[in-house]
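Visitor: next come a sequence and a model predicted from it.
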Amino acid sequence: MTTRHVLSVGQCGFDHSSISRFLRQAIGARVEPVPSSEEALSALRADPSRYDLVLVNRVFDSGGSGIDLIRSIRQDAALAGVPVMLVSDHQDAQRQAVALGALPGFGKSQLGDPTTADRLKDALACPGGS
């Protein structure tokens, strides 16, 4: 099985740990954290094909907006095809992210939900996704 690489943007240490553990156990993915939009865009522009998925927190632990980052990624022709998901329990934010071109995301409270694992498997094109 090919290891999937996920860029996780704006999560606090506790949430990054929870998300990383979930992705490692459910999918075998490796998760790389960055605290800000600037660092995320820099990492993505350096090698857009390195990441199979970008998980964006609604409000970054270091300050900043996940919705603004999604907008920036979608407006950059070199990055527009990179799959992005919002991590938020706020349904209005999820709708806004999808309207900008993100895949339907999930909230931190849904990490143990099997449908979240299936959604991530689908996003990462992993075998066993529904």
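Guide: Ah, there it is. Quantities reported herein were computed from a predicted structural model and do not represent experimental measurements. Residues are numbered from 1 along each chain as shown.

Visitor: where does the residue nearest to residue 20 when sequence neighbours are not counted fall, helix, sheet strand or coil?
Guide: By the measure of C-beta to C-beta, 6 or more residues apart in numbering, the closest residue to residue 20 outside its immediate chain neighbours is residue 31, 4.2 Å from it. Where C-beta positions appear, they are placed from N, C-alpha and C, glycine not excepted. Using DSSP: H, G, I helix; E, B strand; the rest coil, the secondary structure recorded for residue 31 is strand.

Visitor: where's residue 31 relative to residue 37, distance?
Guide: For residue 31, the distance to residue 37 equals 18 Å [C-beta to C-beta, to the nearest Å].

Visitor: hang on, the earlier thing: ok, the residue nearest to residue 20 to residue 51 distance?
Guide: Here residue 31 is placed at a distance of 10 Å from residue 51 (C-beta to C-beta).

Visitor: and the most centrally placed residue in the chain, which helix or strand is it part of?
Guide: Central residue check for the chain by C-alpha atoms, centre = their mean: the C-alpha nearest the mean position is that of residue 55, 1.1 Å away. Element membership for residue 55, per DSSP states H and E: strand 53-57.

Visitor: pLDDT on that strand, on average?
Guide: Model confidence over strand 53-57 averages 98 on the pLDDT scale.

Visitor: quick one on the thing from earlier: now the common contact residues for residue 31 and residue 51.
Guide: Shared contacts of residue 31 and residue 51, defined by C-beta atoms under 8 Å, 6 or more residues apart in numbering, comprise 6-7.

Visitor: I am finished for the moment; much appreciated.
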